[in-house]
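Peer 1: fold the following and give me the result.
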Amino acid sequence: MTRTTAKPLQPLKGVRILSLSLNLPGPAALWRLKRMGANCLKVEPPAPANAPPGSSGDPMSQYSRPAYDALHAGIRIKCADLKTDKGQKTLHLELLKTEVLITSFRPSALTKLGLNWQALHQRYPKLSLVSIVGSPAARAEEPGHDLTYMAENDLLSGLIMPATLYADMGGALMATEAVLQTLLHQRQTGQGCFMEVALSDASAHLALPRAWGLTLPGTLIGGGHAGYQVYPCKDGRVAVAALEPHFAKSLCAVTGLAWNTPAMMMTASTHQYFKQFFANHTRKELEKLAQEHDIPLYTLPT
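Peer 2: Below is the predicted model:
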């Protein structure tokens, strides 16, 4: 995340955005738009009868209250059952003063609610719709989740679960970008527009370095370069990123390995040498060496 000591920019001040999206991608996008100054409203369904006290109609409020609270700080929330006339009336009163609507329903569900693009555009010509779906176009009705989109794009390693929800968070960034594009289009044409954001596309975008061969096993940044690797150390692990020749030279100098040519960093003997060196040093020792000799590395517990 970009940080600055200056007052944050508020380019979306005065822009009204309404979201019907539940779980993670939509709320994460709305959270980012709020940080840009947008006036953000989320309409949620009623909480289920068996939900814990204090829960909302967003399932995230039940399975991860801390995440829900973080993403909804400063977001206005209204409750409305869109399957009822009363809920529809509540929603459409808000849409009258909304510039962008964000949804995360399947297309068939939007149609049942009268919220498909054709119906919305006819009723609100200046309103834009950003629809978050699992897969694009004809596949938008298919069931899926972050894990399946990761698997589809060869982003899973063995049986190890991913460290975070890459497709959902990548999709949130793409949805934020889509909202900005629709606002620019509105300013240029005076008309709203429709944009679809697919989480499988977000995974595919994140997977491009692998598709290009950059991170395949044994390649320069796929474990083949001895200076770009994760090694065990005496009391944990160390992620070393001494990829460029000047960093690699510094790493060799610090570890006592004579520098030859950049090609030496791809050899098994160099890998073994670094593995032995790191195994004999603590995290604290390695952090000190990195600071003193300008070597990019980060230590981790076991």
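Peer 1: nearest residue to Tyr228 in space, please, no chain neighbours.
Peer 2: Closest residue to Tyr228 apart from its sequence neighbours, by Cβ to Cβ, 6 or more residues apart in numbering: Leu243 at 4.7 Å. In this view, the C-beta of every residue, glycine as well, is placed from N, C-alpha and C.
Peer 1: and for Lys86?
Peer 2: Nearest non-adjacent residue to Lys86 (Cβ to Cβ, 6+ apart): Ala80, at 7.5 Å.
Peer 1: cool, and Arg106?
Peer 2: Spatial nearest neighbour of Arg106, excluding adjacent residues (Cβ to Cβ, 6+ apart): Glu141 at 5.3 Å.
Peer 1: all strands for the chain, in order.
Peer 2: 16-19, 39-44, 76-79, 100-103, 128-133, 194-198, 228-233, 236-241, 297-300 (DSSP state E).
Peer 1: if we can go back for a sec, now do the residue nearest to Lys86 against Asn280, distance only.
Peer 2: Per Cβ to Cβ, to the nearest Å, Ala80 is found 63 Å from Asn280.
Peer 1: quick one: which of the two has more around it?
Peer 2: Ala80 (20 against 9; other Cβ atoms under 10 Å).
Peer 1: please list all residues in contact with the more buried one.
Peer 2: Shown in contact with Ala80 (Cβ atoms under 8 Å, 6 or more residues apart in numbering): 43-45, 86-87, 90-91.
Peer 1: my read: Pro262 touches His246, true?
Peer 2: No: in this structure, Pro262 is not within contact of His246 by Cβ atoms under 8 Å, at 10.6 Å.
Peer 1: and these two? which has more neighbours close in?
Peer 2: Of the pair Pro262 and His246, Pro262 is the one with more neighbours under other Cβ under 10 Å, namely 14 against 9.
Peer 1: quick check, pLDDT for the residue lying closest to that one once chain neighbours are set aside.
Peer 2: In space, and not counting its chain neighbours, Pro262 is closest to Pro245: 5.3 Å by Cβ to Cβ, 6+ apart. Looking at Pro245, its pLDDT reads 96.
Peer 1: re earlier: so which of the strands of the chain comes closest to Pro59?
Peer 2: strand 39-44 (10.2 Å; Cβ to Cβ).
Peer 1: against which helices or strands is the closest one packed?
Peer 2: strand 16-19, helix 25-35, strand 76-79, helix 85-95 (3 or more Cβ pairs under 8 Å, 6 or more residues apart in numbering; DSSP states H and E).
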